[in-house]
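Asks: Curious how this folds, go ahead:
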Amino acid sequence: MGQLGPLSSNHSASSKSQLLGFESQGRRYACDLLWVKEVLRSPLVTPVCLAPAYVRGVIHLRGQILTALDLETRLGHTAVEPLPSNRCIVFKTAVDLVRLSNPPEDSAAADSDTMGILVDAIGDILPPGSPVLPAPPEALSGLDSRFIEGVISDSGQLVTVLRIGALISLHEARATLTA
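Replies: Numbers count the residues shown, from 1 in each chain. Below is the predicted model of the structure:
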């Protein structure tokens, strides 16, 4: 698995902030760097009973419990077993985001619980102004469009830019458990 290369910038629409590139199951993704708190190497994930299928488990992180989401399952792909080489992108909580002078657009979806997603590899940090095109229709991409901000074209490959606020929100899971 190679490093994600820098993305070309020859499109008209642009991202307002830097993006963090990463890879999962051979697919390339990016997210707004303002959401990212840290990246964990080879986290030990403990499974949790009765959690939604996209919740891989929890990680003990310096006295806190972090909920680890399976990115592929959350996006609607088939789940695979985590590898020892996986990384976990840890996202800022609502408390962290309100401290920012210019929080991400979807920061209102943040929770007070620490959340993260499991990925295969971390790539480059993309500069502000990286062009983001509208996302392909859900029928063509096979991805849940609630979680997709758009795509970036890089040498004929598409990098999917994720809406982290929607992706890590467990609102519908809580509603299902209380119903």
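
Asks: I figured Pro43 hits His60, correct?
Replies: No: look at Pro43 against His60 with C-beta atoms under 8 Å: they stay out of range, at 9.1 Å. Yep, even glycine has a C-beta here, placed from its N, CA and C like the rest.

Asks: The two: which has the busier surroundings?
Replies: Neighbours of Pro43 and His60, each counted by other C-beta atoms under 10 Å, are more numerous for Pro43; the result is 23 against 12.

Asks: sec struct for that one, please.
Replies: Classification of Pro43 using DSSP: H, G, I helix; E, B strand; the rest coil returns coil.

Asks: do the one 10 residues further on as well
Replies: Look at Ala53: counting by three-state DSSP, its state is coil.

Asks: okay, it: pLDDT?
Replies: For Ala53, the pLDDT comes out at 89.

Asks: Once you drop chain neighbours, what's closest to it?
Replies: Thr73 (5.5 Å; C-beta to C-beta, 6 or more residues apart in numbering).

Asks: That neighbour is in contact with Ala51, isn't it?
Replies: No: here Thr73 lies out of contact with Ala51, judged by C-beta under 8 Å, at a distance of 11.1 Å.

Asks: residue ranges with poor pLDDT in the chain?
Replies: For the chain, applying pLDDT under 70 flags the ranges 1-16, 127, 130, 136-143, 154-156, 171-179.

Asks: Show me the strands in it, by range?
Replies: For the chain, applying DSSP state E gives strands covering 19-24, 27-32, 36-41, 55-61, 64-70, 87-91, 115-119, 121-126, 148-154, 157-162.

Asks: which one of those lies closest to Pro104?
Replies: strand 27-32 (4.8 Å; C-beta to C-beta).
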